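What follows is a predicted structure for the sequence shown.
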Amino acid sequence: MKVLFINSIFPNPVEPNKGNFVLKNIAAYPAEIEVIVVAPVPFFLSSWRKRQGIKLPKEEVVMIGNRQISVIRPRFIMIPRNIMQALIPTLEYWLIRRSVNRLIKEWNPDILHANFATPDGIAAAYVSRQTGIPLVITEHQAKLRDFLKKPFIGKQMLYAYQKAARVICVSSFSEGIINEFTNRPSNIVVIPNGVDFSRFSLKENRPAPQRAIYVGYLVKHKGVHILLQAIARLKQRGINIDLGIVGDGIERNSLEAMCESLRIDNHVKFHGEKKADEVASLMSQHDFMIHPSFIESFGIVMVEALAAGLPVLSTYNGGAEDIISEEVGILVKPNDVDALTKGIMLILSKWNQYNAESLRKYAFSKFSLDSVANRTVSLYKDCLHG
């Protein structure tokens, strides 16, 4: 079986961590599944990301696990998403059309697969309409309801969902949102993101937790500012928790300033953006994860924490409810300093109930990469057989 991925969210030499979840899933596919990726990137990406000197080949063969995969990177024009968002999918379609048509003619793929309805799923839907090749869309969008409420882009997304043979939602939260807007729920299935457990060494149980970790973008809806306030409240009560923050984003400077104003800068370390293996190593140096996001489609970092044997304190954010149960962590109200503070104290009080090996086994039974890949391949076969 031949699968053609159309994904602007895909790692490249300039952005090596971009869309790593797509790469990891492909790496777990059975050997008989052939894959080519069309991964459009903006013109002048190296300059835009301030990484001049890094070459971005238009075509290359990359190693993903034990397989070699051709990656083709058509260029497209970068448009501010908040200004002309509704035009981006159509523009992407026209700029990738030549590369995609050549692949269809020379390689004859059986399935098209796009991640996120916009822009890639919409562009892929136009390709599917043109060629008749079945389309699968995996929806990861955290602010999905907000997108679907927008008149122009929402209409295009619904068209893509309806055109797709299957829509994979990474959580029941996302599935419920799409069902609110579409009249074709029968093509929607829930398959979570998968995790490569071999990357994570098991965290040994400590007598008492001392170090918490946050992994994610530093943007407002991730709730890191709420977490810092909770750490400050705990310090006032004589409870000192050291927090490692892994990731980067537009809020970093303000968060660093907040640490100073709250007088917790000696308890918070900003590690910046890290590669996947570095994140795995950092998890093994911490005791538990805190994920204070306001909204998530899934939240793969929580599964990765469990894979490393770390219990997780998360907010009720949509995706977390499919991952965190009482046996592996705690869920609290989002955007609430008091609730997050009490959640950390509850983690501390329940510490002896958490066993690193049990946490890992729980996560493996639900989110192993091989299991997720096999379910996805089975879905491809269903699409081909009607």
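Nice, I can see it.

Am I right that Ala305 falls within a strand?
No - counting by DSSP: H, G, I helix; E, B strand; the rest coil, Ala305 is not found in a strand; it is helix.

Let me see the contact set for it.
Going by Cβ atoms under 8 Å, 6 or more residues apart in numbering, Ala305 touches Ile213, Val215, Met283, Phe288, Met289, Pro311, Val312. The way it works is simple: take the backbone N, C-alpha and C, and place the C-beta from them, glycine included.

Of those residues, which belong to helices?
Met283 (DSSP state H).

In PyMOL, select just the buried ones from the contacts of Ala305.
Selecting only the buried entries of those in PyMOL, with 16 or more other Cβ atoms under 10 Å as the criterion:
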select buried, resi 213+215+283+288+289+311+312
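
ok, which pair from the contacts of Ala305 is furthest apart?
The span of the contacts of Ala305, defined through Cβ to Cβ, is set by Val215 and Pro311 at 14.6 Å.

Following element in sequence after the longest helix along the chain, please.
Longest helix in the chain, counting residues (DSSP H): helix 88-107. Downstream of helix 88-107, the first helix or strand assigned by DSSP states H and E is strand 111-115.

quick one: average confidence on the helix or strand that that following strand is followed by?
Downstream of strand 111-115, the next assigned helix or strand under DSSP H and E is helix 122-131. Averaged across helix 122-131, the pLDDT comes to 97.

Could you do stretch 376-386 as well?
92.

and if you look at stretch 232-252?
96.

Point out where the stretch 51-200 of the chain drops to low pLDDT.
The stretch 51-200 of the chain contains residues with pLDDT under 70 at 78-83, 184-185.

go with 50
Nowhere does the stretch 51-200 of the chain drop to pLDDT under 50.

give the contact list for the closest residue to Ile33 other than its chain neighbours.
Distances taken as Cβ to Cβ, 6 or more residues apart in numbering put Met1 closest to Ile33, at 5.4 Å, once the chain neighbours are dropped. Counting by Cβ under 8 Å, 6+ apart, Met1 touches Glu32, Ile33, Glu34, Asp110, Ile111, Val377, Tyr380, Lys381, Leu384.

Weed out the non-buried ones from the residues you listed.
Among the contacts of Met1, those classed as buried by 16+ other Cβ under 10 Å are Ile33, Glu34, Asp110, Ile111, Val377, Tyr380.

buried set for the helix or strand the fifth one falls within?
Here Val377, judged by DSSP H and E, is contained in helix 369-384. Taking 16+ other Cβ under 10 Å as the basis for neighbour counts, the residues of helix 369-384 that come out buried are Leu369, Ser371, Val372, Ala373, Thr376, Val377, Leu379, Tyr380, Cys383.

so what does it touch, helix or strand wise?
Here helix 369-384 touches helix 20-27, strand 111-115, strand 135-139, strand 166-169, going by 3 or more Cβ pairs under 8 Å, 6 or more residues apart in numbering; DSSP states H and E.

want to try a markdown table for those, with distance to Gly176 as columns?
Listed next are the helices and strands packed on helix 369-384 as a markdown table, based on distance: least, Cβ to Cβ, whole Å:
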| stretch | distance to Gly176 |
| --- | --- |
| helix 20-27 | 21 |
| strand 111-115 | 19 |
| strand 135-139 | 12 |
| strand 166-169 | 9 |
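
what does stretch 109-121 contact?
1-9, 19, 22, 36, 85, 88-89, 92, 103, 123-124, 127-128, 133-141, 147, 153, 156-157, 160-161, 164, 380, 383-384.

Check the residues you listed for burial and list the buried ones.
Judged by 16+ other Cβ under 10 Å, buried ones among the contacts of stretch 109-121: 3-9, 19, 22, 36, 85, 88-89, 92, 103, 123-124, 127-128, 133-141, 147, 153, 156-157, 160-161, 164, 380, 383.

how does the chain divide into domains?
Domain segmentation of the chain under automatic domain parsing yields 2-194+368-384, 197-366.

So what pairs up with the closest residue to His113 other than its chain neighbours in the strands?
Of all residues not flanking His113 in the chain, Val136 sits nearest, at 4.7 Å (Cβ to Cβ, 6+ apart). On the basis of DSSP bridges, Val136 takes part in beta bridges with His113, Arg166.

any idea how far Asn179 is from Val136?
Distance from Val136 to Asn179, counting by Cβ to Cβ, to the nearest Å: 18 Å.

One more: Tyr362?
Applying Cβ to Cβ, the value for Tyr362 to Asn179 is 28 Å.

Which of the two has more residues huddled nearby?
Remark: of Tyr362 and Asn179, Tyr362 carries more neighbours, 19 against 13, as counted by other Cβ atoms under 10 Å.
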